[in-house]
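1. no sequence for this one, just the structure:
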């Protein structure tokens, strides 16, 4: 009986010790994980601190691209004694031009009305003049109305630009102007120019750091501005009704220069 009591006493005291040991193990594991997390966070300490020692360099990059879109404006202008007659005449010519463009595979999205106006037209009689006094203003006399509609057209096959320009002229356009060449995927070309500008700035920074005897740590500032596309093939085309019977002109597209300018600020030490 006494031996059994001793075993029960030992068993009763062993259980709390086991629980205490387990608790200490869990606590130790928790502290280890917390310590590792704290050590990992040390590398981020100071990352938000403003750099005080810096250098700034500029870079320029450019890319040449062959344009694949021609854009121009065509205007129809008609005059008559009343608005209805002027509108009817202008509308017929405009509709004929739009139908012609569709037959040339120009999509609806590439033909846009950018101006439509109706303006009264006046004649002015000479006012009476008396010696030593100003002449009285003349009296306006309504002559009629002028109706004008301007379409902006995109031609995505630049080889057809000359024929289309000639075609809309033959259909009674009052003027054709503003021929301009652009690149459809301009964002991609701009990105290429930007990459070259960044490389140009980086090379300058490395040279400057070597001359100053310092080390580049990281980029702390970036700015892109200025530059943009330069349209070497841009043309101030202007053709009125008198030239509508001319043969189709040759339209060289040339190439466009797309430029990017960047400024990069580096932290140094």
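-> Sure thing, it's come through. Model, not experiment: these values are computed from the prediction.
2. Low-confidence stretches in this protein?
-> By pLDDT under 70, the weakly predicted segments of the chain are 1-49, 127-128, 130, 132-134, 136, 226-246.
3. Strands of that one, start to end?
-> Assigned strands in the chain, in chain order: 54-65, 69-80, 111-124, 140-155, 175-182, 216-224, 228-231, 238-240, 256-268 (criterion: DSSP state E).
4. Would you mind reformatting these (as TSV) and adding columns for mean neighbour count while you're at it?
-> C-betas here are computed from N, CA, C, even on glycine. Listed next are these as TSV, based on neighbours: other C-beta atoms under 10 Å:
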stretch	mean neighbour count
strand 54-65	17
strand 69-80	20
strand 111-124	12
strand 140-155	18
strand 175-182	20
strand 216-224	13
strand 228-231	16
strand 238-240	15
strand 256-268	20
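5. I'd like those strands as TSV, with distance to residue 201 appended.
-> Compiled in TSV, the strands of the chain are given as follows (distance: least, C-beta to C-beta, whole Å):
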stretch	distance to residue 201
strand 54-65	3
strand 69-80	31
strand 111-124	39
strand 140-155	35
strand 175-182	27
strand 216-224	9
strand 228-231	18
strand 238-240	42
strand 256-268	5
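6. how close does residue 94 sit to residue 168?
-> Computed with C-beta to C-beta, to the nearest Å, the distance linking residue 94 and residue 168 is 10 Å.
7. what sits up against stretch 156-167?
-> Stretch 156-167 has contacts (C-beta atoms under 8 Å, 6 or more residues apart in numbering) with 67-70, 72, 100-101, 104-106, 110, 153, 155, 176, 179, 181, 184, 237, 239, 246-251, 253.
8. Check the separation of the first and last residues in it.
-> 16 Å (C-alpha to C-alpha, to the nearest Å).
9. to the chain's geometric centre, what's the distance from that stretch?
-> How far stretch 156-167 lies from its chain's middle: 26 Å, per C-alpha atoms, centre = their mean, to the nearest Å.
10. quick one: contacts for the residue nearest to residue 51 when sequence neighbours are not counted?
-> Of all residues not flanking residue 51 in the chain, residue 267 sits nearest, at 3.8 Å (C-beta to C-beta, 6 or more residues apart in numbering). Residues counted as contacts of residue 267 (C-beta under 8 Å, 6+ apart) are 51, 53-54, 216-220.
11. Quick check: bridge partners of residue 267?
-> Counting by DSSP bridges, residue 267 is bridged to residue 54, residue 218.
12. any idea how far residue 192 is from it?
-> 28 Å.
13. Equivalent analysis for residue 181, please.
-> For residue 181, the distance to residue 192 - C-beta to C-beta - is 18 Å.
14. ok now do the nearest residue to residue 143 once chain neighbours are set aside, which residues does it touch?
-> In this structure, residue 143 finds its nearest non-sequential neighbour in residue 121, 4.6 Å apart by C-beta to C-beta, 6+ apart. Residues in contact with residue 121 (C-beta under 8 Å, 6+ apart) are 79, 142-146.
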